[in-house]
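1. no sequence for this one, just the structure:
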């Protein structure tokens, strides 16, 4: 991924997506088992990148199935595989609360720390937008049944419009994912609610 110029998709991202996926379901009152499965799926969601960037969700689902089919019960394995296979906006959708949690966790990881080479920010819109994000937090409010992505963007580096140029599809996917866990998705940038 580094050689191809993509943002960071390593252990930091995997750990974060697993932890956030767990928290989304835990805070919204899903079972402990569902939250744990979201954690596992979140940690493994990008494993398909080891073979191919395109369709890495489906590739990852197959890899995880092949690796875990003799070790994990089908009732636990299938939701993990489905979440991995459906986490990308090009070919995925929230097919369960577990997959919804993985989508929300994955798409919320936009941050300066994901940029591998800051020298590329002038040339690459993905690096520029990620580098401009100083803070990113996915807030789950169980009482209001909202999942809010709260971003602080340095607009001297990237305008908010550039965020939407590259992430609008992801934000739509987050909205549908929130609905799959009976919540409402909110996007708050620099203190202003832009999607509700």
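-> Looks like it came in fine. Just so it is clear, the structure is predicted and the values come from calculations on it, not from any experiment.
2. check contacts around the residue of the chain most remote from its centre.
-> Relative to the mean C-alpha coordinate of the chain, counting by Cα atoms, centre = their mean, the farthest residue is residue 70 (27.7 Å). For residue 70, no residue meets the contact criterion (Cβ atoms under 8 Å, 6 or more residues apart in numbering). For the C-beta atoms, the positions are set from N, CA and C on the backbone; glycine is no exception.
3. likewise residue 146?
-> By Cβ under 8 Å, 6+ apart, the contact set of residue 146 is 139, 140, 178, 183, 184, 185, 186.
4. likewise for residue 95?
-> Residue 95 neighbours (Cβ under 8 Å, 6+ apart): 82, 83, 86, 180.
5. what do you get if the cut-off is 6 Å, keeping everything else the same?
-> 82, 86 (Cβ atoms under 6 Å, 6 or more residues apart in numbering).
6. A helix includes it, no?
-> No. Read with DSSP: H, G, I helix; E, B strand; the rest coil, residue 95 is coil and lies in no helix.
7. oh, and call the first residue 608 from now on, that's how I've got it
-> Fine by me, first position is 608 from now on; the one you just mentioned is residue 702.
8. tell me the SS of the most centrally placed residue in the chain?
-> The centroid of the chain falls nearest to residue 713 when counting by Cα atoms, centre = their mean (1.0 Å). Look at residue 713: counting by three-state DSSP, its state is helix.
9. same check, this time on residue 757
-> Residue 757 - assigned by three-state DSSP - is strand.
10. buried sites along the helix or strand that residue 640 is a member of?
-> Under the criterion of DSSP states H and E, residue 640 resides in helix 639-651. For helix 639-651, burial by neighbour count (16 or more other Cβ atoms under 10 Å) applies to 641, 642, 643, 644, 645, 646, 647, 648, 649, 650, 651.
11. looks like the fifth one contacts residue 707 (just checking).
-> Pointing back at residue 645 there. No. Look at residue 645 against residue 707 with Cβ atoms under 6 Å: they stay out of range, at 8.6 Å.
12. picking up where we left off before, kindly state the pLDDT recorded for the residue farthest from the centre of the chain?
-> With respect to pLDDT, residue 677 scores 92.
13. helix, strand or coil: sort out it for me.
-> Following three-state DSSP, residue 677 is assigned to coil.
14. show me where the protein has its helices.
-> Remark: helices assigned in the chain by DSSP state H are 618-634, 639-651, 663-675, 681-692, 704-714, 732-739, 767-787.
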